[in-house]
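Asks: kindly return the folded structure for what I paste below:
(2 chains)
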Amino acid sequence: MRPPNQTFLELTRSCNFRCQHCFSRAGPPLEHELSKEVFFDIFDQLFELGCFYVNITGGEPLLREDLLDILDYSRQYGEAQVHILLTNGSLWTKEFFEKFVQIYRKQPLQVQISVDGYSYETYSAARGGTQEDFNRVMRTIEWLHQVEVPLSACFTVTKKNINHTLKTARWALEDLDVDIFHIIPLFVSGRAIKNYERLQFSFEEWRALVRDVTILKRDKLWDGIEERVSFGFFTWYELVHALKLEGLEQEMEPIWKLNKKEFMSMYRKVYCEAGITDWCIMSNGDLYPCVPSIGSEFLLGNVKETSLEEIWENSPTLRWFREDARGAARKEPCKSCEHNDVCAGGCRVSALILAGDKTAPDPRCPIVKEYQRKHEG
Amino acid sequence: MRLFVVKTGGRTLRVRKEDFGCAILDRDLYVEGNETVYKVLELFSQGKTLEEAIHILAERENASPEEVRKDVLSLIKMFNDFGWFCEFTETEGE
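Replies: You can find the predicted model right below:
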């Protein structure tokens, strides 16, 4: 069995923002959050397991008073592993930054800052916060540039901001000079469940965005900087079906580096990453198969009681994701769908939350929606 | 130790031991290799030159250096397609 490629390691659930789209309903801290010593042990275990990427996240990690101690400890593994600190950037002080730089000099790590708009108005529409918060985020980015920290921006697409995705991307790449601009779709988990109806874009809006970014990259419309725009997809259909409807299927490999045959023979049997390449460790030690599943019934165990290796290799829930989760692919319309072999029915968390059945075809998929409209009224 | 690093041409390859050989991460590129790939990368990670690696592998496998050289050079050619270890090919050609 291959070990995890990527771990999302939540240091605290505590956050100074209350983003409407937050995957984890961050705000107050969880009860019984782990001590720094337990996090040290988690870093040891993740290295022994052979995990390539560790995303050090929250909530807002800077709300942990011992964050610098944890980062300092983790640097011993920071060459063999890729460590990325995910932060909203609003709580960085000069004092914190200077200490961060000392640790960074030992062994670099990457920083990702959430940037959901190109101005205070567009940014705060998603995240809240004050003009001063926004200014502090900009200041943090400036500081990080001074010491050449590899820096990416993350933009979560919602119905409210989908129309300014590309404007924000260009602003972040040109004006903020971030190395990578990640676009990820809203997901139905955490606080986003409550706000789902208001925030969920239509598939037509989504496919237009996929089309625009694909053409932007194919035709090099921004003089090369468009290469630094990346897209995250939770399911196969989000990219491939959108491309097909737009007549851009042929761009899957040259632009999005996805070769179906190669992908399936080497990386994952199905597109879903849950428990196959990825997993999440919460600040109280609970583990989940993927970010969207945080807080769901797909709890894998707790790191205080069981080793990471034991959970990864023997969790019944992970076994279900790896071996039995294809149940949806045996149901219509997935059974007859051309994407069946890789998509395998889409996302199990989406099926659980929106359809109340973890084995249902993904209710967000436009093919599933059309089938249900025709057959189920 | 399951993870180690190999540096080539300004790039850092992260290599993980697997039952089938190894997994290799180069920035966002993920590829997998067999046991021979693993053995060669492990020797490079220890700072061995191409000739040293060939010599060590021949000894370990109780094989002729010429046979091993052929296999390793064919691997290096594959690595070159990813932009890795071109320094070895350039040296060989000189």
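
Asks: dump the residue contacts of A:Gly206.
Replies: You called it Gly, but residue A:206 is Trp. Applying Cβ atoms under 8 Å, 6 or more residues apart in numbering or on different chains to A:Trp206 gives the contacts A:Val157, A:Ile162, A:Pro185, A:Glu238, A:Ala242. C-beta coordinates here come from the backbone N, C-alpha and C atoms, glycine included.

Asks: contacting residues around the fourth one?
Replies: By Cβ under 8 Å, 6+ apart, A:Glu238 lies in contact with A:Pro185, A:Trp206, A:Val210.

Asks: using TSV, lay out those together with secondary structure and pLDDT.
Replies: Below are these laid out as TSV (DSSP: H, G, I helix; E, B strand; the rest coil; pLDDT from 0 to 100):
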residue	secondary structure	pLDDT
A:Pro185	strand	96
A:Trp206	helix	97
A:Val210	helix	97
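
Asks: dump the contacts of A:Trp206 to CSV, plus secondary structure.
Replies: Output for these, formatted as CSV (DSSP: H, G, I helix; E, B strand; the rest coil):
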residue, secondary structure
A:Val157, strand
A:Ile162, helix
A:Pro185, strand
A:Glu238, helix
A:Ala242, helix
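
Asks: re the thing from before, could I get the contacts of A:Glu238 as JSON lines with distance to A:Cys347?
Replies: Shown next, in JSON lines, are the contacts of A:Glu238 (distance: Cβ to Cβ, whole Å):
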{"residue": "A:Pro185", "distance to A:Cys347": "11"}
{"residue": "A:Trp206", "distance to A:Cys347": "14"}
{"residue": "A:Val210", "distance to A:Cys347": "17"}
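
Asks: count of neighbours near residue 61?
Replies: Since no chain was named, I'll use chain A. Using other Cβ atoms under 10 Å in any protein chain shown, the number of residues around A:Pro61 comes to 23.

Asks: hmm, I had chain B in mind actually
Replies: By other Cβ under 10 Å, the residues close to B:Glu61 number 13.

Asks: just give the number of residues close to the spatially closest residue to it that is not a sequence neighbour.
Replies: Nearest non-adjacent residue to B:Glu61, counting by Cβ to Cβ, 6 or more residues apart in numbering or on different chains: B:Val68, 6.8 Å away. Neighbourhood size, B:Val68 [other Cβ under 10 Å]: 21.

Asks: let me see the contact set for B:Val68.
Replies: For B:Val68, the contacting residues are B:Ile54, B:Leu57, B:Ala58, B:Glu61, by Cβ under 8 Å, 6+ apart.

Asks: closest to chain A among the residues you listed?
Replies: Of all the contacts of B:Val68, chain A sits closest to B:Leu57, with 23.4 Å by Cβ to the nearest Cβ.

Asks: circling back to that earlier point, let me know the pLDDT of the residue nearest to B:Glu61.
Replies: For B:Val68, the model assigns a pLDDT of 94.

Asks: which positions within the host helix or strand of it qualify as buried?
Replies: Using DSSP states H and E, B:Val68 maps to helix B:65-81. Of all the residues in helix B:65-81, those buried under the rule 16 or more other Cβ atoms under 10 Å in any protein chain shown are B:Val68, B:Arg69, B:Val72, B:Leu75, B:Ile76, B:Phe79.

Asks: just the closest of these to B:Glu35, please.
Replies: Nearest to B:Glu35 among the buried residues of helix B:65-81 is B:Leu75, at 11.6 Å by Cβ to Cβ.

Asks: isn't that closest one right up against B:Tyr38?
Replies: No - B:Leu75 is not in contact with B:Tyr38 according to Cβ atoms under 8 Å; the separation is 10.8 Å.

Asks: now the residue lying closest to A:Phe233 once chain neighbours are set aside, what's its secondary structure?
Replies: Leaving aside its sequence neighbours, A:Phe233 sits nearest to A:Leu239 (Cβ to Cβ, 6+ apart; 4.7 Å). Here A:Leu239 is recorded as helix under three-state DSSP.

Asks: count of residues packed around A:Leu239?
Replies: By other Cβ under 10 Å, the burial measure for A:Leu239, its neighbour count, is 21.

Asks: against A:Ser307, how distant is it?
Replies: Per Cβ to Cβ, to the nearest Å, A:Leu239 is found 35 Å from A:Ser307.

Asks: likewise B:Glu87?
Replies: For B:Glu87, the distance to A:Ser307 - Cβ to Cβ - is 41 Å.

Asks: and the two? Which one has more around it.
Replies: Set B:Glu87 next to A:Ser307 and count neighbours by other Cβ under 10 Å: A:Ser307 wins out with 14 against 11.

Asks: need the contact list for the more buried one.
Replies: Each residue near A:Ser307 by Cβ under 8 Å, 6+ apart is listed here: A:Gln45.

Asks: state the distance from it to A:Asp324.
Replies: Distance, A:Ser307 to A:Asp324, using Cβ to Cβ: 24 Å.

Asks: now the helices for chain B?
Replies: B:35-45, B:50-61, B:65-81, B:86-93 (DSSP state H).

Asks: alpha carbons of the third one, in PDB - could you do that?
Replies: If I follow you right, that is helix B:65-81. Taking Å, rounded to 0.1, in the frame of the first residue of the first chain, the C-alpha atoms of helix B:65-81 are listed here in PDB:
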ATOM      1  CA  PRO B  65      30.000  -3.900 -15.000                       C
ATOM      2  CA  GLU B  66      29.300  -3.700 -18.800                       C
ATOM      3  CA  GLU B  67      25.800  -5.200 -18.300                       C
ATOM      4  CA  VAL B  68      25.100  -2.900 -15.400                       C
ATOM      5  CA  ARG B  69      26.400   0.100 -17.300                       C
ATOM      6  CA  LYS B  70      24.000  -0.600 -20.200                       C
ATOM      7  CA  ASP B  71      21.100  -0.800 -17.800                       C
ATOM      8  CA  VAL B  72      22.000   2.300 -15.800                       C
ATOM      9  CA  LEU B  73      22.700   4.400 -18.900                       C
ATOM     10  CA  SER B  74      19.300   3.400 -20.300                       C
ATOM     11  CA  LEU B  75      17.800   4.600 -17.000                       C
ATOM     12  CA  ILE B  76      19.700   7.800 -17.200                       C
ATOM     13  CA  LYS B  77      18.300   8.400 -20.600                       C
ATOM     14  CA  MET B  78      14.800   8.000 -19.200                       C
ATOM     15  CA  PHE B  79      15.700  10.400 -16.400                       C
ATOM     16  CA  ASN B  80      16.900  12.900 -19.000                       C
ATOM     17  CA  ASP B  81      13.400  13.000 -20.400                       C
END
